[in-house]
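> what follows is a predicted protein model with its sequence.
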There are 2 protein chains.
Amino acid sequence: MKDSDSEFQAALSDNASRVTAVLDALMPLTDTPEARVVEAMRYAALGGGKRVRPFLVTQSASLFGVDSRSALRAAAAVEMVHCYSLVHDDLPAMDDDDVRRGQPTCHVKFDEATAILAGDALLTGAFEVLADPATHSDPRVRADLVLALAKAAGAHGMVGGQMMDLWAEKNHLDVAQITRLQRMKTGDLIAVSAESGAILGKASDEARAALHAYAHDVGLAFQIADDLLDVVGDAKTVGKATGKDAGANKATFVSLLGVEKARQQAAMLSEQAAGHLEIFGEKGDLLRQLARFIVERRN
Amino acid sequence: MKDSDSEFQAALSDNASRVTAVLDALMPLTDTPEARVVEAMRYAALGGGKRVRPFLVTQSASLFGVDSRSALRAAAAVEMVHCYSLVHDDLPAMDDDDVRRGQPTCHVKFDEATAILAGDALLTGAFEVLADPATHSDPRVRADLVLALAKAAGAHGMVGGQMMDLWAEKNHLDVAQITRLQRMKTGDLIAVSAESGAILGKASDEARAALHAYAHDVGLAFQIADDLLDVVGDAKTVGKATGKDAGANKATFVSLLGVEKARQQAAMLSEQAAGHLEIFGEKGDLLRQLARFIVERRN
């Protein structure tokens, strides 16, 4: 492992601990009859994960000298949306997954009704966190964060992507359609993570656009890497069932391009992503390393 | 029917048409593969209803001379949250209802996965609408609207109320617990509807508190009236299955207080609600009539 690699791993893991601590504090357990939904939210949100999206928020925010408390709250909000989407996507009526990050999924651990409600509350809570004055003293920043996240997560972003994914089970997609599906399903939330740092830092349009372009490429590379893991990874390392896409006869980047070409494509996107960060100089190094990390990861 | 009654009915129905038109415009159909989720959102949100919550928003906004475009957008956002909650509450894993407003529920008309996603997108869309500069030029107003709605709809508001409602199926609740449950499950969203007008109008704390107190009483009266309809109404008029609470052996205001006492309680709350509007003088007349209407309605 190179020095810069271990430095990056340390930064990623440090960020994950900080974000988890903020999430923990945002969702205190109560002793009221509705506590079960808070338990389920905590189960879904505190159970680990690399916290890649929060890392994008805090790293992009640090480019503009944003206060770390602001950045971590915005990061937590993005992660709450990500976790809600996992809880709902895992439901029997959706992808019907029993295992996530090596643990029973939320509806298996609790029950379907609780999982639906926990997802709803995580989504709602994300907007509550962003709109709270504790996140940023400027209300325009807060409203902009809400607007950007809602657009990325809604019917023409993440939810639309999941709808299209279900549609894809019965329709054969080409590369252009897969690219669009993945941009909506995972790319938009990844893009808004990086953009949130720019919003918090009241960055120039140029800087915001650079981060958007960077995150767009990172998001696609991330997805191709995910598809590759589904084909060449083993369930134990990946932490969830593998071979699902091929089993469902679903078109993916890998099924359409083949393993080798998909690998090349991911590497190319990762390099292209790093290229967008030129205007930030050395300050963009950790984001550059993230772009490399996501195509080299094993889980 | 008295003159003031027909005037009120006209105002309510006029408001419903305007809100429906705004909702229609906010959710245009596309010809993309994910259009199915937009169809389901439209089915859930455009299918009628009295639009009581939006009426509270626009009427309270009019007390402060708020631009009607602003008020209608905020009203539409609150209604999107209400409609999402109906879609998710009707799911098989939750209340398992097949009929709503005399029509098949969303998951019956479409399918469970689409209904879950449509609910998610309606909830997300509500915050997108509120945070959009088109709703109000002052970003502090937009952020405050988001914050108030998210609090009312989240784990310690509507979602918590639904969780407690599921818990109540296996636990016997007393009047204090039912009151708390209903405040969370329906009362908080009703209260935030009235408060949203005050937020839009940058009203004084006193005015905002008066509207909160008014809406709190209205919300509870509304719920007691709902429980009464479940017992004494017939399914055809009510537009959904009746007798469900008794069938589920669930404690309600009516089962705990009896029909007569429940009726008196609702009437008392309705009068008390109207009393909170004194500071608004004649301008509060339509809100006063709403307080009477909700305890006298037949569906």
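Alright, I've got the coordinates.

> please make it C-alpha for all contacts and neighbour counts, starting now.
OK.

> list the buried ones in stretch A:274-283?
A:274, A:276-277, A:283 (16 or more other C-alpha atoms under 10 Å in any protein chain shown).

> now do the same end-to-end measure for that stretch.
End-to-end distance of stretch A:274-283 (C-alpha to C-alpha, to the nearest Å): 12 Å.

> mind listing what's buried along the helix or strand containing A:Gln264?
Using DSSP states H and E, A:Gln264 sits within helix A:259-275. By 16+ other C-alpha under 10 Å, the buried positions in helix A:259-275 come out as A:259, A:262-263, A:265-267, A:269-274.

> just those now: which is nearest chain B?
Of all the buried residues of helix A:259-275, A:Ala262 has the smallest distance to chain B: 24.2 Å, by C-alpha to the nearest C-alpha.

> for the nearest residue to that closest one once chain neighbours are set aside, helix, strand, or coil?
Leaving aside its sequence neighbours, A:Ala262 sits nearest to A:Val254 (C-alpha to C-alpha, 6 or more residues apart in numbering or on different chains; 5.6 Å). Under DSSP: H, G, I helix; E, B strand; the rest coil, A:Val254 falls in the helix class.

> helix or strand for the nearest residue to A:Ala152 once chain neighbours are set aside, which one?
Nearest residue to A:Ala152 in three dimensions, chain neighbours excluded: A:Asp188, at 5.0 Å (C-alpha to C-alpha, 6+ apart). Here A:Asp188 sits within helix A:188-200, counting by DSSP H and E.

> residues contacting the nearest residue to A:Pro28 once chain neighbours are set aside?
Distance criterion C-alpha to C-alpha, 6+ apart; nearest residue to A:Pro28, sequence neighbours excluded, is A:Val38 at 7.7 Å. For A:Val38, the contact set (C-alpha atoms under 8 Å, 6 or more residues apart in numbering or on different chains) comprises A:27-30, A:118, B:155.

> quick check, nearest of the buried residues of stretch A:274-283 to B:Gly48?
Nearest to B:Gly48 among those is A:His276, at 48.7 Å by C-alpha to C-alpha.

> what pLDDT is listed against that closest one?
Predicted confidence (pLDDT) for A:His276: 96.

> any idea how far A:Val66 is from it?
In terms of C-alpha to C-alpha, A:His276 sits 21 Å off from A:Val66.

> which helices and strands does the host helix or strand of A:Gln9 pack with?
Secondary-structure element containing A:Gln9, defined by DSSP H and E: helix A:3-26. In terms of contacts (3 or more C-alpha pairs under 8 Å, 6 or more residues apart in numbering or on different chains; DSSP states H and E), helix A:3-26 is packed against helix A:35-46, helix A:52-62, helix A:68-89, helix A:285-296.

> the third one to helix A:35-46, inter-axis angle?
In this structure, helix A:68-89 runs at an angle of 110 degrees to helix A:35-46, with axes from the mean of the first three to the mean of the last three C-alpha atoms, to 10 degrees as the basis.

> do the same with the last one
Inter-element angle recorded for helix A:285-296 and helix A:35-46: 90 degrees (by the same axes, to 10 degrees).

> who does helix A:285-296 touch, helix- and strand-wise?
helix A:3-26, helix A:52-62, helix A:205-232, helix A:259-275.

> would you mind finding the most buried of the ones you listed?
Each of these was scored by mean neighbour count; the highest is helix A:52-62, a mean of 26, by mean count of other C-alpha atoms under 10 Å in any protein chain shown.

> quick check: the gap between A:Pro139 and chain B.
5 Å (C-alpha to the nearest C-alpha, to the nearest Å).

> chain neighbours aside, what residue packs nearest to that residue?
For A:Pro139, ignoring the flanking residues on the chain, the nearest one in space by C-alpha to C-alpha, 6+ apart is B:Arg140 at 4.8 Å.

> what sits against the one you found?
Applying C-alpha under 8 Å, 6+ apart, the residues near B:Arg140 are A:139-140, A:143.

> still on that earlier bit, wait, which of the helices and strands packed on helix A:285-296 is closest to B:Asn171?
Short answer: helix A:3-26, nearest of these by C-alpha to C-alpha, at 28.5 Å.

> wait, is A:Pro28 part of a helix?
No. In this structure, A:Pro28 is coil, not part of a helix, as judged by three-state DSSP.

> what pLDDT does it get?
At A:Pro28, the pLDDT recorded in the model is 96.

> ok, now the one 10 residues further on?
Reported pLDDT at A:Val38 in the predicted model: 98.

> picking up where we left off before, could you work out the most separated pair of the buried residues of helix A:259-275?
A:Val259 and A:Ala274 (22.9 Å).

> about what we covered before: other SSEs contacting the helix holding A:Asp188?
helix A:52-62, helix A:68-89, helix A:139-153, helix A:205-232.

> now the angle from the second one to helix A:3-26?
For the pair helix A:68-89 and helix A:3-26, the angle between their directions (the same axes, to 10 degrees) equals 80 degrees.

> got the CA positions of the helix or strand where A:Gly161 lies in CSV?
Counting by DSSP H and E, the element that carries A:Gly161 is helix A:158-168. Written as CSV, here are the backbone C-alpha positions of helix A:158-168 (Å, rounded to 0.1, in the frame of the first residue of the first chain):
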residue,chain,number,x,y,z
MET,A,158,-33.2,8.5,-7.7
VAL,A,159,-36.8,7.4,-7.4
GLY,A,160,-37.2,7.6,-11.2
GLY,A,161,-34.1,5.6,-11.6
GLN,A,162,-35.4,2.8,-9.3
MET,A,163,-38.7,2.9,-11.3
MET,A,164,-36.7,2.5,-14.5
ASP,A,165,-34.7,-0.3,-12.9
LEU,A,166,-37.9,-2.2,-12.3
TRP,A,167,-39.0,-1.5,-15.8
ALA,A,168,-35.6,-2.8,-17.1
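
> which residue is the nearest non-sequential neighbour of A:Met94?
In space, A:Met94 is closest to B:Ala113, 5.4 Å off (C-alpha to C-alpha, 6+ apart).

> now swap in A:Gln162 and tell me
Spatial nearest neighbour of A:Gln162, excluding adjacent residues (C-alpha to C-alpha, 6+ apart): A:Lys185 at 5.7 Å.

> got a list of what that neighbour touches?
Neighbour list for A:Lys185: A:157-162 [criterion: C-alpha under 8 Å, 6+ apart].

> distance-wise, check it relative to chain B.
Taken as C-alpha to the nearest C-alpha, the span from A:Lys185 to chain B is 11 Å.

> how near is that residue to A:Ala191?
Taking C-alpha to C-alpha, one finds A:Lys185 at 11 Å from A:Ala191.

> with distance to A:Gly219 as added columns, please give the helices and strands packed on helix A:3-26 in TSV.
Shown next, in TSV, are the helices and strands packed on helix A:3-26 (distance: least, C-alpha to C-alpha, whole Å):
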stretch	distance to A:Gly219
helix A:35-46	21
helix A:52-62	10
helix A:68-89	14
helix A:285-296	9
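
> between those, which one is nearest to B:Val108?
So among those, helix A:68-89 is nearest, using C-alpha to C-alpha, at 18.6 Å.

> and the stretch 51-200 of chain A, which residues reach chain B?
By the rule C-alpha under 8 Å from any C-alpha of the partner chain, the part of the stretch 51-200 of chain A lying against chain B is A:88, A:93-94, A:112-114, A:116-118, A:120-125, A:127-129, A:131-132, A:139-140, A:142-144, A:146-147, A:150-151, A:153-155, A:159-161, A:163-164, A:167.

> show the buried residues in these.
For those, buried by 16+ other C-alpha under 10 Å: A:88, A:93-94, A:112-114, A:116-118, A:120-125, A:127-129, A:131-132, A:139-140, A:142-144, A:146-147, A:150-151, A:153-155, A:159-161, A:163-164.

> out of the helices and strands packed on helix A:3-26, which is the most enclosed?
Scoring the helices and strands packed on helix A:3-26 by mean count of other C-alpha under 10 Å, the most buried comes out as helix A:52-62, with a mean of 26.
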